[in-house]
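# based on what follows, work out the 3D shape:
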Amino acid sequence: MRALTHQLLSLFAAPVLAGLLGAYAPFTSAAEAPKEIRIAVPDVSAGPNHAGGGIVDVINTRQLLEKEFANDGIQVKWTYFKGAGPVINEALANGQVDFAYLGDLAGIIGKSGGLDTRLLAATGRGVNHYLGVQPGSSIKTLADLKGKRVGIFRGTASQLSFDNALASAGLSEKDLKVINLDFSAALAALAAKQIDATWGLAGLFALQAKGLADIPLSTRDLNGAGTLQGVLIGNGAFVDAHPEITQRLLKVELQALAWATAEANHDAFVDLISKQASYPPVILQTEFKDRPLADALSPQLDADFLGKLDASIQAAKQFGLIRRDFKAADWAKPDYLAAAAKQAAAQPVAQAQ
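The predicted structure is shown next:
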């Protein structure tokens with residue numbers, strides 16, 4: 001227990017937290033407790049299970065939030081959207097979602113378009129993307145995509161990733177024949193040879209394993225151009241009305257993260273998210289090979305992360321994906337995470353194991 005507490009404090013230590021540890025008064029609920037907490041997740045699964053592709057899968061499959069709020073009589077409603085960010089933004093606009101796990105572009109589009117959201121935590125840093133092509137294709141570089149049919153899920157972080165990758169090679173979407181397809185439809189279209197290529201996540205390796213796709217390059221080959229960030233955002237009205245609930249949700253996030261980032265649990269974490277998404281485990285092992293999970297999954301809204309979000313915001317405006325820019329620091333609400341870190345450090349995480 002002492003070692004775990006030390007680990008959490010070390011992982012989430014920051015100047016603001018250091019000041020709060022000695023004099024922090026926990027958030028108190030500003031309204032009557034809700035009957036349910038509604039959470040939206042883009043479904044990135046390539047198989048029969050729902051998957052968010054990260055720490056969210058630990059929280060959901062092990063029902064950590066359900067356990068946290070059981071004594072309060074609060075239900076937790078998970079909705080996985082194949083329509084990803086665009087559909088989740090619509091649900092947020094209609095007041096149907098309280099929290100959402102999103103890639104950077106979807107969150108940016110919503111905020112730029114006037115959605116009242118709060119940036120609560122980072123959920124992924126430098127997430128790689130891959131170019132999938134038909135087996136035996138002559139497409140080996142981004143330049144080879146000129147004039148080709150490429151499936152891209154517009155309005156998602158994958159579109160911003162692709163646009164940044166293209167820009168690194170002096171190209172834009174105008175040089176291609178872009179077809180708007182969701183993740184599953186793009187994989188199916190590539191397998192059926194209805195498109196020449198697609199740009200996506202590790203689900204492409206499931207096609208490669210079946211001999212239905214080649215993967216000639218990734219953001220790793222582009223010196224990081226096209227990597228994306230993941231975020232957890234909250235509906236502004238819900239967060240403002242229920243600050244204690246928000247803090248407790250983040251506490252569970254940190255407890256699950258403490259389990260996942262423990263060296264002894266590395267393989268178990270990779271196996272869990274691989275199984276949920278139907279990705280070959282070797283792909284995720286490779287994804288996290290060069291850096292600790294604690295870095296890749298750090299929830300901190302630090303200067304580095306906010307700087308990357310600012311770069312994404314400016315890129316989105318440059319590519320015509322948003323009209324109004326804003327500062328990530330004005331979107332971020334790090335006090336909730338700081339308070340949750342203090343609470344998580346004082347509680348065991350056996351429930352995440």
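# give me the neighbour count for Gly114.
Gly114: 9 surrounding residues under other Cβ atoms under 10 Å. The way it works is simple: take the backbone N, C-alpha and C, and place the C-beta from them, glycine included.
# repeat that for the one 4 residues further on.
Residues contacting Arg118 under the criterion other Cβ under 10 Å number 19.
# helices and strands of this protein: which one bottoms out on pLDDT?
Of all helical and strand segments in the chain, the minimum by mean pLDDT, DSSP states H and E falls on helix 15-23, at a mean of 33.
# helix or strand right after it?
Using DSSP states H and E, the helix or strand that follows helix 15-23 towards the C-terminus is strand 36-42.
# tell me how far that next one is from the chain's mean position?
14 Å (Cα atoms, centre = their mean, to the nearest Å).
# figure out how far the helix or strand just after that strand is from the centre of its chain.
Remark: after strand 36-42, the chain's next helix or strand is helix 55-61, criterion DSSP H and E. Here helix 55-61 is found 12 Å from its chain centre; the criterion is Cα atoms, centre = their mean.
# same for the very next helix or strand once past helix 55-61, what does it pack against?
From helix 55-61 onward toward the C-terminus, using DSSP H and E, the following helix or strand is helix 64-69. For helix 64-69, the packing partners by 3 or more Cβ pairs under 8 Å, 6 or more residues apart in numbering; DSSP states H and E come out as strand 36-42, strand 75-81, helix 243-261.
# and these: which comes nearest Asn49?
strand 75-81 (9.4 Å; Cβ to Cβ).
# neighbouring strands - and their directions - for that closest one?
strand 36-42 (parallel) (DSSP bridges).
# what helix or strand does Lys140 sit in?
Per DSSP H and E, there is no helix or strand for Lys140.
# and the lengthiest strand in the chain, average pLDDT?
Determined from DSSP state E, the single longest strand within the chain is strand 117-127. For strand 117-127, mean pLDDT is 94.
# beyond that strand, next helix or strand please.
Counting by DSSP H and E, the next helix or strand C-terminal to strand 117-127 is strand 130-133.
# what's next to that following strand, contact-wise?
139, 142, 187, 190, 196-202, 204-205, 207-208, 213-219 (Cβ atoms under 8 Å, 6 or more residues apart in numbering).
# so which of the residues you listed are in helices?
187, 190, 204-205, 207-208 (DSSP state H).
# save the residues you listed as TSV, and put in distance to Phe69 too.
Listed next are the ones in helices among the contacts of strand 130-133 as TSV, based on distance: Cβ to Cβ, whole Å:
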residue	distance to Phe69
Leu187	35
Leu190	41
Leu204	37
Phe205	36
Leu207	39
Gln208	40
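# and those residues, which two are the farthest apart?
Leu190 and Phe205, at 12.5 Å, using Cβ to Cβ across these.
# next, the spatially most central residue of the chain: secondary structure please.
Most central in the chain under Cα atoms, centre = their mean is Gly230, positioned 3.2 Å from the mean C-alpha point. Under DSSP: H, G, I helix; E, B strand; the rest coil, the three-state class of Gly230 is strand.
# how far away is the closest residue to it other than its chain neighbours from Gly54?
Leaving aside its chain neighbours, Gly230 sits nearest to Gly124 (3.1 Å; criterion: Cβ to Cβ, 6 or more residues apart in numbering). Going from Gly124 to Gly54 by Cβ to Cβ, to the nearest Å gives 6 Å.
# go on, Leu254?
Leu254 is 14 Å from Gly54, by Cβ to Cβ.
# and for Ala241?
Ala241 is 27 Å from Gly54, by Cβ to Cβ.
# what's the answer for Ala106, then?
From Ala106 over to Gly54 the distance is 15 Å, taken as Cβ to Cβ.
# and for Pro280?
17 Å.
# tally of neighbours for the nearest residue to Pro86 once chain neighbours are set aside?
Using Cβ to Cβ, 6+ apart and skipping the chain neighbours, the partner closest in space to Pro86 is Gly155 (4.0 Å). Neighbourhood size, Gly155 [other Cβ under 10 Å]: 21.
# ok, now Gly113?
As a burial measure, Gly113 scores 12 neighbours (other Cβ under 10 Å).
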